[in-house]
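> any chance you can model this:
(one chain, ligands or ions: 1)
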Amino acid sequence: MDTVPSDICIRPARMEDAGDLASLCFPEEDAGRVRDYLAFCLHHPHITRLVAEAYGQVVGNIELVRWGDVGEIGGLCVAEAFRRRGVARQLLRAVVELARRQDIRRLELYVSADLPWLIAFYQRMGFEGAEKAWLPLTTGGAEVVRLHMGMSPPCGSGEPDGIWVG
Ligand SMILES: CC(C)(COP(=O)(O)OP(=O)(O)OC[C@H]1O[C@@H](n2cnc3c(N)ncnc32)[C@H](O)[C@@H]1OP(=O)(O)O)[C@@H](O)C(=O)NCCC(=O)NCCS
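Residues are numbered from 1 along each chain as shown. Below is the predicted model of the structure:
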């Protein structure tokens, strides 16, 4: 397995990322919808999107939605050519740190029940529980596993600037 690309940075998403997100991270989705959803997220006061940038391209994405002191993680995706190199691990670490700085006390996420290795990865990263649920989708629905993580308050204070790892 390769190591994390040396030239990687985790940073907040911006509108200029729409092209790479569509072509590299979500190639099966309609590019216009990827762009519209990015615009929606960037204007939403309770949604933060982080991206992984490597060699000048956006190769990964993750989202944090804040509901009071509960945060929901979603949208984790890494461009196929950059998988198995630790990019998702870095995105997840960054979003957990961001949640801590937003005073979120509990993080939740849903993962497909068909991906036991991904469930195990989240568990290694500190998520607990394995409550099964049925997620209704326009395409019919999917069996998912709900995981959660209790959060302790941050050691320091201030803005999340500087957490973006290089
Ligand atoms: C899931 C996904 C984001 C993982 O991204 P990634 O950058 O390849 O993941 P990492 O390299 O950081 O690996 C994370 C861990 O998962 C393991 N892993 C990654 N891909 C794996 C695979 N296909 N099979 C088994 N284990 C795998 C890694 O070995 C690593 O384990 P470790 O904790 O022992 O180091 C990527 O496969 C993806 O984008 N999949 C499509 C979208 C998706 O399913 N998103 C999940 C939504 S919940």
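> which non-adjacent residue is nearest the most centrally placed residue in the chain?
Taking Cα atoms, centre = their mean, the centroid of the chain lies closest to Ile62, which sits 2.1 Å from it. Closest residue in space to Ile62, ignoring its immediate chain neighbours: Leu91 at 4.3 Å, by Cβ to Cβ, 6 or more residues apart in numbering. For the C-beta atoms, the positions are set from N, CA and C on the backbone; glycine is no exception.
> just the mean pLDDT for the host helix or strand of the one you found, thanks.
Leu91 belongs to helix 87-101 when assigned by DSSP states H and E. Average pLDDT, helix 87-101: 97.
> what do you get for stretch 57-75?
97.
> what are the buried residues along it?
Neighbour-count burial for stretch 57-75, with 16 or more other Cβ atoms under 10 Å as criterion, is recorded at 57-66, 71-75.
> mind checking the SS state of Ile62?
Per DSSP: H, G, I helix; E, B strand; the rest coil, the local secondary structure of Ile62 is strand.
> ok, back up a step: I figured the residue nearest to Ile62 was touching Val58, is that so?
No. If you go by Cβ atoms under 8 Å, Leu91 and Val58 don't touch, sitting 11.4 Å apart.
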